[in-house]
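S.K.: Coordinates only, no sequence provided:
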C-alpha cells in the first residue's frame, strides 16, 4: 500500500474534519450530548446517562462515553473535545474506505473513494460536531467493510471444494480462523453501533441479507462463524443493559427503547397518520442532498456496468448497491425520519459514485461530456467542496451563534448562582446555556418539590412558569434573558 496516497488522505481529513473543531458554540442538540458527557466525568457513572439528575435512556451511552473519553485528558468537556469523536470517526471511515477500494481496485480508486465519501452535505454539519450520526456511520461502515472481507474468504473456501469423480464439486468447508476473525470484528462493530444508536443493526442486516441472497450465500448466516460472533458481540450490549437495570430497573430501559426505537423501525408504532408522500419525497431528498455524486451513482444501475470489473470489483459493487437501495427503500417506508437518520447509508451511495468516477477516469466507461476532461471535472468538484467547507466553518458556524450566545448567558447565570448552590429547573429545556453554565443542575416536577431545608433556592424558569409561580416562597428575579430559541426565561431566587 503506497504511503503518499495515504498521507494525502490524512491531510484531506485534517482539513475537512479537524478544521473547525472550535468554530462557533455548541449548536442544537450538541449541548445535550456535551452536558451528558460532562455528567459522566463529574459523577464517574459511565453506564446510565443522566440529565439534571434523571436517567435519560433515549440513546445508548456510546457517544457520551466517547466525548467523555476525549475530554478526560483535559479535565472537562469543551466544544472542541465534544466534537473530537466525530472527527476521529470520520477520519477512520475515510481511511477504511481508501483501504478497501485500494485493495480491490488499486490505490487510485482508493484515493477517489476517500475523496468522494466526505464531500456531502450530510457530512458538512455533522463533522466536526458533537452529534451522534457520524459516529454511528463509522460503526456501520466498519461493520459492512469487514463483512466484505469475511464474505470474500468464505467464497474462496467454498470454491476450494473437493473434486470427486473428476468433477468439481462445491462444498461448504469448515470456517477458517480468519473467516471467524473477520466475522467477529464485523459483529463487534455492529455492537459498537448499537451502543451508539439503536438503529445500527438494522442498517447492517438490511445490507447483508440482500447481498447474500443476491450471491446465493444466505446459508452463511446459519454457519457457526456468524452465530458465535453474534453471541460474543452481544455480551457487552447485554452487560450494559444489565448494569442499567441494576441502577434504574428494567422498566425505564424497556420504555425508552420501545419509545425511541420502535417508531423508527415500525410504521404501526408511529404516533401520527402514515405520511404517504414520504414514499416519494424521502428518496428524492436523499438523492438531492448527495448531488452531484448521486447522479454519477445512477450509472452503476446499468447491467453493463458490472461487466467492467473483476471478481473483487463486482463483489464490492454488489455490496454498495445492497448498502444503498434496500436501506433507502426501508427508511422511506418507515415514517417520520429526517435525512440525517439516513446518514449511515450515505457511504454506499458515495462508493457507487466513486466506482463511476474510477471508470470514467481510466477510460473503461464513456465520459458523457466531450468538451470537458473527466480529471478536470473531478478536481474542480473537489476544489469547490473545499471552498464550501472552509466557508461553512469560517462564516456559517460562527454566524449560527447570532443572538443565541449560550456561553455568555451561561456565564451570566453562573455569576449569580453561588458555586455551592444547586440550580433547579422544571420544564425548561435549553442544554446549550446550561452546558456553558458549567455546574450541576437538577430538574424537579414542580416548585412544591423544592427542598425546604435550603435557605435560598435558585431556579431557572420559563416565562409561563414565572407567571404561574406557586412555590412555597416568593420569587425574586435576578436575571431576565432569552433562551436559544429567543423565548424569555428568568433566573429567580427564593430567599
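M.R.: Yep, it's here. Computed from a predicted structure; not experimentally measured.
S.K.: Just the endpoints, please. Distance across stretch 218-230?
M.R.: Chord length of stretch 218-230, first to last residue, is 16 Å (CA to CA, to the nearest Å).
S.K.: Show me which residues of it are buried.
M.R.: 220, 223, 225, 226, 229, 230 (16 or more other CB atoms under 10 Å). Bear in mind the C-beta positions are built from the backbone N, C-alpha and C, glycine included.
S.K.: closest to residue 142 among those residues?
M.R.: Nearest to residue 142 among the buried residues of stretch 218-230: residue 229, at 14.2 Å, using CB to CB.
S.K.: List the residues that contact the closest one.
M.R.: 180, 183, 184, 186, 187, 188 (CB atoms under 8 Å, 6 or more residues apart in numbering).
S.K.: mind listing what residue 353 touches?
M.R.: Taking CB under 8 Å, 6+ apart as the test, what residue 353 contacts is 116, 290, 293, 294, 296, 297.
S.K.: how about the contacts of residue 229, which pair is most distant?
M.R.: 180 and 188 (12.3 Å).
S.K.: Any stretches of the stretch 1-150 of the chain with poor pLDDT?
M.R.: 1 (pLDDT under 70).
S.K.: same thing but 80
M.R.: Within the stretch 1-150 of the chain, the ranges that satisfy pLDDT under 80 run 1-2.
S.K.: Which ones among the buried residues of stretch 218-230 map onto helices?
M.R.: 225, 226, 229, 230 (DSSP state H).
S.K.: could I get those as CSV with distance to residue 426 and pLDDT?
M.R.: Converted to CSV, those look like this (distance: CB to CB, whole Å; pLDDT from 0 to 100):
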residue, distance to residue 426, pLDDT
225, 53, 89
226, 50, 93
229, 47, 94
230, 44, 95
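S.K.: follow-up on the earlier one: nearest to residue 40 among the contacts of residue 229?
M.R.: Using CB to CB, the contacts of residue 229 come closest to residue 40 at residue 188, 22.1 Å.
S.K.: is it fair to say residue 126 lies in a helix?
M.R.: No. Using DSSP: H, G, I helix; E, B strand; the rest coil, the secondary structure at residue 126 is coil, not a helix.
S.K.: need the contact list for it.
M.R.: 86, 133, 134, 340, 343.
S.K.: State the phi and psi torsions of it.
M.R.: phi -110, psi -10 (degrees, to the nearest 10).
S.K.: In this structure residue 490 contacts residue 464, no?
M.R.: No. Between residue 490 and residue 464 there is no contact under CB atoms under 8 Å: 10.7 Å.
S.K.: which one of these two has more residues nearby?
M.R.: Set side by side, residue 490 and residue 464 show more neighbours around residue 490, with 20 against 11, by other CB atoms under 10 Å.
S.K.: Which per-residue confidence value corresponds to that one?
M.R.: Looking at residue 490, its pLDDT is 93.
S.K.: To which secondary structure element type does it belong?
M.R.: Residue 490, by the three-state scheme (three-state DSSP), is strand.
S.K.: didn't residue 411 look like it was pressed against residue 436?
M.R.: Yes. The pair residue 411 / residue 436 is scored as a contact, 6.6 Å apart, by CB under 8 Å.
S.K.: neighbour-wise, which of these two wins?
M.R.: residue 436 (23 against 14).
S.K.: Check which residues of stretch 476-494 are buried.
M.R.: Quick answer for stretch 476-494 (16+ other CB under 10 Å): 478, 479, 482, 483, 484, 489, 490, 491, 492, 493, 494.
S.K.: now swap in stretch 97-116 and tell me
M.R.: For stretch 97-116, by 16+ other CB under 10 Å, it's 97-105, 107, 109-116.
S.K.: The residues you listed in helices, which ones?
M.R.: 97-105, 107, 109-116.
S.K.: tell me the contacts of the most centrally placed residue in the chain?
M.R.: The chain has residue 133 as the residue nearest its centroid, 2.0 Å off, counting by CA atoms, centre = their mean. Taking CB under 8 Å, 6+ apart, we find residue 133 in contact with 126, 197, 340, 341, 343, 344.
S.K.: again with residue 211
M.R.: So residue 211 contacts 151, 318, 319, 322 (CB under 8 Å, 6+ apart).
S.K.: Tell me how far it lies from residue 371.
M.R.: Going from residue 211 to residue 371 by CB to CB, to the nearest Å gives 39 Å.
S.K.: Ok, residue 151 next?
M.R.: Remark: distance between residue 151 and residue 371 (CB to CB) = 42 Å.
S.K.: The two: which is more packed in?
M.R.: residue 151 (23 against 4).
S.K.: Distance of that one relative to residue 18?
M.R.: 34 Å.
S.K.: Also residue 288?
M.R.: Applying CB to CB to residue 288 and residue 18 gives a distance of 28 Å.
S.K.: Which residue ranges of the stretch 251-400 of the chain form strands?
M.R.: For the stretch 251-400 of the chain, no strands are identified by DSSP state E, counting those that start in this stretch.
S.K.: Quick check, pLDDT for residue 336.
M.R.: As predicted, residue 336 sits at a pLDDT of 66.
S.K.: my bad, residue 473
M.R.: Reported pLDDT for residue 473: 65.
S.K.: With residue 398 instead?
M.R.: For residue 398, the model assigns a pLDDT of 87.
S.K.: Could you single out the nearest of the buried residues of stretch 218-230 to residue 47?
M.R.: residue 230 (23.0 Å).
S.K.: Which residue, other than its chain neighbours, is closest to the closest one?
M.R.: residue 187 (5.6 Å; CB to CB, 6 or more residues apart in numbering).
S.K.: For residue 51, grab phi and psi.
M.R.: Dihedral angles (degrees, to the nearest 10) for residue 51: phi -120, psi 110.
S.K.: show me what contacts the closest residue to it other than its chain neighbours?
M.R.: Once flanking residues are discounted, residue 51 sits nearest to residue 36: 6.2 Å by CB to CB, 6+ apart. Residue 36 is in contact with 49, 50, 51, 56, 64, counting by CB under 8 Å, 6+ apart.
S.K.: and if we set it to 10 Å?
M.R.: Residues in contact with residue 36 (CB atoms under 10 Å, 6 or more residues apart in numbering) are 49-51, 56, 59, 61, 63-65, 67-68, 77, 130, 431, 435.
S.K.: Quick one: buried ones out of those residues?
M.R.: So, by 16+ other CB under 10 Å, the buried ones in the contacts of residue 36 are 49-51, 56, 59, 61, 63-65, 67-68, 77, 130, 431, 435.
S.K.: Residue 72: neighbour count?
M.R.: Using other CB under 10 Å, residue 72 is surrounded by 14 other residues.
S.K.: Settle this for me: it is touching residue 42, isn't it.
M.R.: No. The pair residue 72 / residue 42 is not scored as a contact, 11.8 Å apart, by CB atoms under 10 Å.
S.K.: what about the stretch 151-300 of the chain, any weak spots by pLDDT?
M.R.: Residue ranges of the stretch 151-300 of the chain with pLDDT under 80: 158-177, 257-278.
S.K.: For it, which segments are assigned as helices?
M.R.: 177-194, 200-214, 224-248, 250-265, 278-289, 293-297 (DSSP state H, counting those that start in this stretch).
S.K.: Which positions within stretch 397-412 qualify as buried?
M.R.: Buried, per 16+ other CB under 10 Å, within stretch 397-412: 397, 401, 404, 405, 406, 407, 409, 410, 412.
S.K.: picking up where we left off before, dump the contacts of residue 126 into JSON lines; add distance to residue 260 as well.
M.R.: Below are the contacts of residue 126 laid out as JSON lines (distance: CB to CB, whole Å):
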{"residue": "86", "distance to residue 260": "21"}
{"residue": "133", "distance to residue 260": "15"}
{"residue": "134", "distance to residue 260": "19"}
{"residue": "340", "distance to residue 260": "15"}
{"residue": "343", "distance to residue 260": "17"}
